[in-house]
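Novice: Just to be clear, the model below is a prediction. Sequence and coordinates:
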Amino acid sequence: MPIKPPTGGSTPVKVDASTSPTRPAEVNIPLPGLSGRRGSGAGHFPDLLPRAGSSSAIDADAIRMTPAVMIHASPGGVRLPAPQSSLDRYLISARAMLPEINDEGLRVFNGIPFADVAGGDFVAVALDPKTGLYRARLTSELLLGPVILRDAGSGLWYERQVVEPTTRAQVRRYLPETTDLDADAFITKFDDKDVAELELQRIQLGLPQFDSKHISIPHHQNHVAQSHEVTEAFAMWGTLSQLYKWQSQPDQRVYSDGRLSGFKLDINLTLWPVDKLLSLKFNSVVSLTLRGQSPLDPEVFFAQFPSIESLTITSQTVTRRTFGDPANELAYSRFNMDSRFTEQLKRLPRLRELNLQDCDLQADFSVRGITRLQVLRLGSTQGAAVNDLPGPLRFQVPVEHQNDFLRTDPDISGMTELRVLDLTGAGLRRIPFGLDADNGPLRLEVLKLRHNRLSVAPSVKRMTALQELDLANTGLDRFPEGITNEIPGKVLDLTNNRITSIPESIEIRAGFKLSGNPVTDPSSLRRLIHARMKTGTDIWLGEPSTDRSVNLWLRNVPPGKELTDKLKLWGSFGTDSRLLDAIRQLSRTPEFHVEYLLLQRRVWSFLEIYSKRGSGEQARLDNILFTERSPGKMLDRLETEIREHDSGRQNPPLHHLPKRPRFDP
């Protein structure tokens with residue numbers, strides 16, 4: 001008959017029986033030395049003995065899965081707290097019941113680790129995933145208890161009383177070649193001395209794996225390794241070794257709030273040694289770029305990079321052997337994006353930025369549930385229409401036509417932390433689901449949906465923090481709802497759409513880009529002229545006229561001497577003149593549509609003056625003609641240049657002003 005301990009004041013530890021049918025539903029294990037008193041318990045400690053058919057073998061995976069922490073050793077001179085006498089009645093025979101101590105100094109029973117403390121007592125512990133340290137636990141509570149450390153001399157565990165900071169000297173004991181800057185990056189991430197010690201010991205254990213001088217290049221997708229790829233593979237191996245030891249080059253450093261927070265790593269997956277380094281963790285890498293495709297196990301791979309904050313995935317050009325053809329071909333190696341991959345992204349606790357460019361999206365791919373993202377860029381991603389094409393055809397799909405094959409419908413509901421959403425060329429056919437939902441990204445600062453066939457613009461009324469809105473080439477025929485004097489704050493890009501007028505309620509201001517729209521409304525065109533004068537930039541430019549002849553500037557010119565003189569002047573510049581082509585660009589300006597007569601006089605006045613100038617002054621004018629990208633500003637600058645170098649004119653207008661209209665009574 002099992003011994004029933006008397007009921008006291010100890011706190012019971014409730015063991016989860018769901019993981020093993022042989023585990024008792026509740027076990028009362030007092031926590032020695034962690035509080036000033038003991039609680040009462042109702043379980044039978046002898047039930048910890050294994051029952052028939054059960055196993056007390058250590059389950060390493062079960063230990064790692066517990067919401068807990070790793071163990072750390074303390075200096076040998078630490079004084080252990082004296083056991084409380086009331087514990088003796090509870091745990092007197094526990095040593096005979098629990099398994100032997102494992103390599104980590106713990107006894108594991110049915111997947112629950114126990115630590116030996118002073119006085120022959122035991123404490124259930126769990127691994128804290130944030131620090132790697134072990135902490136006392138009660139399975140009936142979500143919050144973990146205090147950190148406990150292991151004394152190297154006695155092997156007993158004790159409660160940590162003081163948190164000490166990590167130092168450069170501590171880092172250099174394990175990594176002597178580390179610079180002050182790189183050591184500080186390590187300390188930024190591991191500022192707790194005990195946590196840092198665990199990480200440094202782990203790094204030291206993995207260093208021998210980099211001693212290999214043989215680098216193997218994986219063979220998949222009929223990849224034919226080239227000489228430059230062999231060189232790249234050796235360089236990548238050296239980079240991995242350096243970053244593993246927290247050593248970096250200036251272009252690899254990533255800063256956050258002015259402090260070095262970690263390093264960036266660029267991996268060509270077509271050269272990645274899939275079967276090597278599986279047990280290593282590169283905690284120094286916070287920004288990771290993956291190029292190409294490799295037969296990775298997503299769970300294993302991302303376990304190697306637990307500190308990723310920014311992830312970029314794109315394609316890689318490779319040389320590939322075609323079956324039955326002795327000749328090699330160039331092809332794109334694209335990352336295969338499926339639900340297994342995105343499930344691992346959800347488990348990266350620090351991931352804030354995700355950039356997916358030119359990837360193969362499978363039918364089950366979704367970004368739903370990655371709610372911690374602050375930046376999401378998803379563009380030029382290829383769906384089934386392109387994925388099913390043979391290799392050579394896929395390689396030959398022009399960039400400007402790839403959007404015809406794309407099919408993406410991302411669900412961004414729940415992404416309330418999102419600040420940047422860039423879905424340029426993502427194959428959208430409608431506004432992303434959840435964009436304007438109550439649980440959507442209402443605090444967006446940058447929204448880019450250009451090169452998608454939307455036809456209907458998203459409403460930005462509630463996006464009060466929006467600074468940049470890019471809806472270029474989306475088929476819109478009107479301004480988006482919610483545009484005000486403050487929204488967006490900096491940039492509104494509506495180029496290459498079907499907008500014909502600008503609402504009077506919208507102030508045309510700096511940062512607006514409306515070129516490529518068929519604006520025909522006279523009032524809107526005059527407002528665009530005023531906006532260019534105010535901002536110094538062309539808010540809108542139309543398509544240049546296809547008429548390269550003099551007729552472009554001869555409207556309403558009557559036959560006679562004036563017409564003859566203008567034809568002679570035009571012919572003096574030749575038919576292929578760069579000057580005349582630059583002048584033709586003025587047909588793109590709003591003045592050409594609503595102030596043609598005034599613009600016509602300005603053009604002929606300039607051409608006449610230019611033809612009479614010497615080579616030196618013509619060279620100055622040519623510099624403006626051929627370098628100024630704004631046609632309207634070009635003519636303004638030409639006229640200013642002429643006035644400044646023509647003292648006899650005393651700055652009069654270079655052309656006759658239009659006569660005041662006469663009103664008949």
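Specialist: Sure, I can see it. Just so we're clear, the structure is a prediction, and the values are computed from it rather than from any experiment.
Novice: Now do the strands in the stretch 401-550 of the chain.
Specialist: Taking DSSP state E, counting those that start in this stretch as the test, the strands found in the stretch 401-550 of the chain are 420-422, 446-448, 468-470, 491-493, 512-513.
Novice: and what of the stretch 201-350 of the chain?
Specialist: Going by DSSP E, counting those that start in this stretch, the stretch 201-350 of the chain shows strands at 253-256, 259-268, 285-291, 310-314, 316-321, 328-333, 336-337.
Novice: Can you tell me which of those strands is most buried?
Specialist: Of the strands of the stretch 201-350 of the chain, the one with the most neighbours on average (mean count of other CB atoms under 10 Å) is strand 285-291, at a mean of 21. To be clear about C-beta, it is placed using only N, CA and C from the backbone, and glycine gets the same treatment.
Novice: Which neighbouring elements make contact with it?
Specialist: strand 259-268, strand 310-314 (3 or more CB pairs under 8 Å, 6 or more residues apart in numbering; DSSP states H and E).
Novice: is it possible to export these to JSON lines including distance to Gln242 and mean pLDDT?
Specialist: Output for the helices and strands packed on strand 285-291, formatted as JSON lines (distance: least, CB to CB, whole Å; pLDDT from 0 to 100):
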{"stretch": "strand 259-268", "distance to Gln242": "9", "mean pLDDT": "91"}
{"stretch": "strand 310-314", "distance to Gln242": "19", "mean pLDDT": "93"}
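Novice: do you know which of the strands of the stretch 401-550 of the chain lies nearest Tyr332?
Specialist: strand 420-422 (21.2 Å; CB to CB).
Novice: quick one: least confident helix or strand in this structure?
Specialist: helix 88-91 (a mean of 29; mean pLDDT, DSSP states H and E).
Novice: Ala126 belongs to a helix?
Specialist: No: if the criterion is DSSP: H, G, I helix; E, B strand; the rest coil, then Ala126 is strand and not within a helix.
Novice: Show the pLDDT at it.
Specialist: With respect to pLDDT, Ala126 scores 84.
Novice: Could you do the one 4 residues further on as well?
Specialist: Among the per-residue scores, Lys130 holds a pLDDT of 79.
Novice: now do Gly238
Specialist: At Gly238, the predicted lDDT confidence score is 86.
Novice: do you know how far it is from Gln304?
Specialist: Using CB to CB, to the nearest Å, Gly238 is found at 17 Å from Gln304.
Novice: and what of Leu567?
Specialist: 75 Å.
Novice: Those two - which one has more neighbours?
Specialist: A direct count of neighbours by other CB atoms under 10 Å for Leu567 and Gln304 places Gln304 higher, at 16 against 13.
Novice: And the pLDDT for the more buried one?
Specialist: For Gln304, pLDDT reads 89.
Novice: just to revisit the earlier point, could you save the strands of the stretch 201-350 of the chain as TSV and add columns showing distance to Glu445?
Specialist: Shown next, in TSV, are those (distance: least, CB to CB, whole Å):
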stretch	distance to Glu445
strand 253-256	18
strand 259-268	21
strand 285-291	20
strand 310-314	17
strand 316-321	31
strand 328-333	32
strand 336-337	26
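Novice: low-scoring pLDDT stretches of the stretch 501-650 of the chain, where are they?
Specialist: 576, 647-650 (pLDDT under 70).
Novice: go on, the stretch 351-500 of the chain?
Specialist: 381-408.
Novice: again, only this time at 90
Specialist: 357-371, 378-414, 425-434, 436-440, 454-456 (pLDDT under 90).
Novice: Which stretches in it count as helices?
Specialist: 384-387, 391-396, 399-402 (DSSP state H, counting those that start in this stretch).
Novice: any idea which helix or strand carries Thr564?
Specialist: Thr564 is located in helix 561-571, with elements delineated by DSSP states H and E.
Novice: what's that helix packed up against?
Specialist: Using 3+ CB pairs under 8 Å, 6+ apart: helix 561-571 touches helix 596-611.
Novice: Need the contact partners of the helix it packs on.
Specialist: 553, 555-556, 566, 569-570, 572-573, 579, 583, 586, 589, 591-592, 618, 621, 635, 638-639, 642, 654-656, 658 (CB atoms under 8 Å, 6 or more residues apart in numbering).
Novice: If you count neighbours, what's buried in it?
Specialist: By neighbour count on 16 or more other CB atoms under 10 Å, the buried set for helix 596-611 is Leu599, Gln600, Arg601, Arg602, Val603, Trp604, Ser605, Phe606, Leu607, Ile609, Tyr610.
Novice: Now do the buried residues in the helix or strand following that helix.
Specialist: Later in the chain than helix 596-611, the nearest helix or strand by DSSP H and E is helix 615-627. Within helix 615-627, the residues scored as buried using 16+ other CB under 10 Å are Glu617, Leu621, Ile624, Leu625.
Novice: Which other helices and strands does helix 615-627 contact?
Specialist: Using 3+ CB pairs under 8 Å, 6+ apart, helix 615-627 sits against helix 578-584, helix 631-644.
Novice: Export it to CSV, keeping only CA atoms.
Specialist: Taking Å, rounded to 0.1, in the frame of the first residue of the first chain, the C-alpha atoms of helix 615-627 are listed here in CSV:
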residue,chain,number,x,y,z
SER,A,615,28.3,78.3,-80.7
GLY,A,616,29.2,79.1,-77.0
GLU,A,617,25.7,80.3,-76.1
GLN,A,618,24.1,77.5,-78.1
ALA,A,619,26.2,75.0,-76.1
ARG,A,620,24.8,76.4,-72.9
LEU,A,621,21.2,76.1,-74.2
ASP,A,622,21.9,72.6,-75.6
ASN,A,623,22.9,71.5,-72.1
ILE,A,624,19.4,72.5,-70.9
LEU,A,625,17.6,71.1,-73.9
PHE,A,626,19.2,67.6,-73.6
THR,A,627,19.5,67.2,-69.8
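Novice: That one vs helix 596-611, what angle?
Specialist: 140 degrees (axes from the mean of the first three to the mean of the last three CA atoms, to 10 degrees).
Novice: List the contacts of helix 615-627.
Specialist: Arg578, Leu579, Ala582, Tyr610, Arg613, Met634, Arg637, Leu638, Glu641, Ile642, His645.
Novice: residues contacting the second one?
Specialist: Residues touching Leu579, when contacts are defined by CB under 8 Å, 6+ apart, comprise Phe573, Tyr610, Asp622, Leu625.
Novice: Would you reformat those as TSV and include distance to Val420?
Specialist: Formatted as TSV, the contacts of Leu579 follow (distance: CB to CB, whole Å):
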residue	distance to Val420
Phe573	49
Tyr610	48
Asp622	42
Leu625	39
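Novice: Closest to Ser515 out of those residues?
Specialist: Of those, the one sitting nearest to Ser515 (CB to CB) turns out to be Leu625, at 20.3 Å.
Novice: hmm, back to that, compare the strands of the stretch 201-350 of the chain and report which one is nearest to Lys534.
Specialist: It is, among the strands of the stretch 201-350 of the chain and with distance given as CB to CB, strand 253-256, at 37.9 Å.
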